[in-house]
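Trainee: quick check, what structure comes out for this input:
(one chain, ligands or ions: 1)
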Amino acid sequence: MKKTVPEIAGRKQLARVPDKDPPQKIAMVTAYDYPTALLADRAGMDVILVGDSLAMVVLGYESTVSVTMEEMLHHAKAVRRGTKDAVLVGDLPFGSYQEGPQQAVHNAVRFLKEAGMDAVKLEGGATHAETVRALVQNGIPVMGHIGLLPQLVSATGGFKVQGRDLKTAQRLIDDAKALEEAGCFSLVLEAIPDRLAGLITRSINIPTIGIGAGPECDGQVLVMHDLIGLFDRFTPRFVKKYADAATLIEGALGEYRHEVQAGEFPGAEHSFTIKDEVIEGLYGDK
Ligand code: KIV
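Mentor: I've put the predicted structure just below:
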């Protein structure tokens, strides 16, 4: 059955009715095209994020900064076609919301209208609260994202764990509260120490979804190509590799190449037959 944004918002571990089991944690993964969306949805994922990590793991850019709104929409539409049940979140790419609420609403509407996304995600803390408010007021559900912000790596100096000192840890707590207050229905915490992520999770009433933020979050997200082992340029410490798809695919391709070059493929079982009289008729014409 199709999952909804309010259902995801309700999966807060603290929001327990005394006699009931706590809600299941939220399982989220990225997908970028029809086959990966189909597989993620079949695996029962709660949320599929068309992440701007697309830039690096699918399009081969150096960072997420380069990916455009048009590229994101192109992939989001394919993900929509492969998804039946999961909530779909379109990641607003760098440059699609930094100019302010009007630009953000314009591009977020495109995600919902043209690509059939259920919600959008944007990176940034309290400084983006006004933009989040404008999106929510226009009927666009927003997932926040604080901690390590890949779109800002050139400004912040690389992929580093965030919030390790008192000042930056306090800022992350303030950012989380500001985004909740602005109307986010959930919040991604990226590369934050586990106990700080736990503290943030208990400080707000919307679910937190961690990536490199320890087990105390209300859910977890990983980049699909990291977890299936299809992206090996670098693997962050927080990634668990559940499969080695690269080795599997490379092995299959190597075997195919070998069989073609050796004349072993295709065999009779992969070929189509024709009646003898037709062939004889053709030779007879010569
Ligand atoms: O783009 C992405 O894949 C993301 C996740 C890391 C949360 O933003």
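Trainee: quick check: phi and psi at the nearest residue to residue 33 once chain neighbours are set aside.
Mentor: Leaving aside its chain neighbours, residue 33 sits nearest to residue 78 (4.7 Å; criterion: C-beta to C-beta, 6 or more residues apart in numbering). Where C-beta positions appear, they are placed from N, C-alpha and C, glycine not excepted. Dihedral angles of residue 78 (phi, psi; degrees, to the nearest 10) stand at phi -70, psi -40.
Trainee: residue 203 now?
Mentor: Backbone torsions for residue 203, taken as degrees, to the nearest 10, come to phi -90, psi -10.
Trainee: neighbours of the residue lying closest to residue 224 once chain neighbours are set aside, how many?
Mentor: Excluding the flanking residues, the one nearest residue 224 by C-beta to C-beta, 6+ apart is residue 30, at 4.8 Å. By other C-beta atoms under 10 Å, 29 other residues sit near residue 30.
Trainee: residues contacting the spatially closest residue to residue 178 that is not a sequence neighbour?
Mentor: Nearest in space to residue 178, with sequence neighbours left out and distances taken as C-beta to C-beta, 6+ apart, is residue 126 at 3.7 Å. Taking C-beta atoms under 8 Å, 6 or more residues apart in numbering, we find residue 126 in contact with 174-175, 178-179.
Trainee: 10 Å instead?
Mentor: 132, 146, 171, 174-179, 181-182 (C-beta atoms under 10 Å, 6 or more residues apart in numbering).
Trainee: residue numbers of the chain in contact with the ligand?
Mentor: The chain comes close to the ligand at residues 30, 49, 51-53, 91, 188, 190, 211, 221, 223, as judged by C-beta under 6 Å from any ligand atom.
Trainee: tally of neighbours for the residue in the stretch 51-200 of the chain positioned nearest to the ligand?
Mentor: For the stretch 51-200 of the chain, the residue closest to the ligand is residue 51, as judged by C-beta to the nearest ligand atom, at 2.5 Å. As a burial measure, residue 51 scores 31 neighbours (other C-beta under 10 Å).
Trainee: so how far is residue 86 from it?
Mentor: 14 Å (C-beta to C-beta, to the nearest Å).
Trainee: how near is the residue nearest to residue 224 to residue 121?
Mentor: Relative to residue 121, and taking C-beta to C-beta, residue 30 is found at 11 Å.
Trainee: overlap of the contact sets of the two?
Mentor: Common contacts of residue 30 and residue 121, defined by C-beta under 10 Å, 6+ apart, comprise 47, 49-52, 89, 91, 221.
Trainee: filter these down to just the ones in strands.
Mentor: 47, 49-50, 89, 91, 221 (DSSP state E).
Trainee: most surrounded residue in the residues you listed?
Mentor: Busiest of those [other C-beta under 10 Å] is residue 49, holding 32 neighbours.
Trainee: circling back: quick check on the contacts of residue 126: which are buried?
Mentor: Buried subset of these (neighbour count, 16 or more other C-beta atoms under 10 Å): 132, 146, 171, 175-179, 182.
Trainee: pick the one among those residues closest to residue 24.
Mentor: residue 176 (21.9 Å; C-beta to C-beta).
Trainee: doesn't residue 186 make contact with that closest one?
Mentor: No - Residue 176 is beyond contact range of residue 186, at 11.1 Å (criterion: C-beta atoms under 10 Å).
Trainee: overlap in contacts of these two?
Mentor: With C-beta under 10 Å, 6+ apart as the test, residue 176 and residue 186 both reach 144, 204, 206, 208.
Trainee: what about the last one, neighbour count?
Mentor: Residues within reach of residue 208, counting by other C-beta under 10 Å, total 28.
Trainee: surely it and residue 187 touch.
Mentor: Yes - counting by C-beta under 10 Å, residue 208 does reach residue 187; the two are 5.2 Å apart.
Trainee: what do the two both touch?
Mentor: Residues touching both residue 208 and residue 187 by C-beta under 10 Å, 6+ apart: 144, 146, 176, 200-201, 217-218.
Trainee: now the residues of the chain next to the ligand in JSON lines, with pLDDT?
Mentor: Formatted as JSON lines, these follow (pLDDT from 0 to 100):
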{"residue": "30", "pLDDT": "98"}
{"residue": "49", "pLDDT": "98"}
{"residue": "51", "pLDDT": "98"}
{"residue": "52", "pLDDT": "98"}
{"residue": "53", "pLDDT": "97"}
{"residue": "91", "pLDDT": "98"}
{"residue": "188", "pLDDT": "98"}
{"residue": "190", "pLDDT": "97"}
{"residue": "211", "pLDDT": "98"}
{"residue": "221", "pLDDT": "98"}
{"residue": "223", "pLDDT": "98"}
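Trainee: since that was my last question, I'll sign off now.
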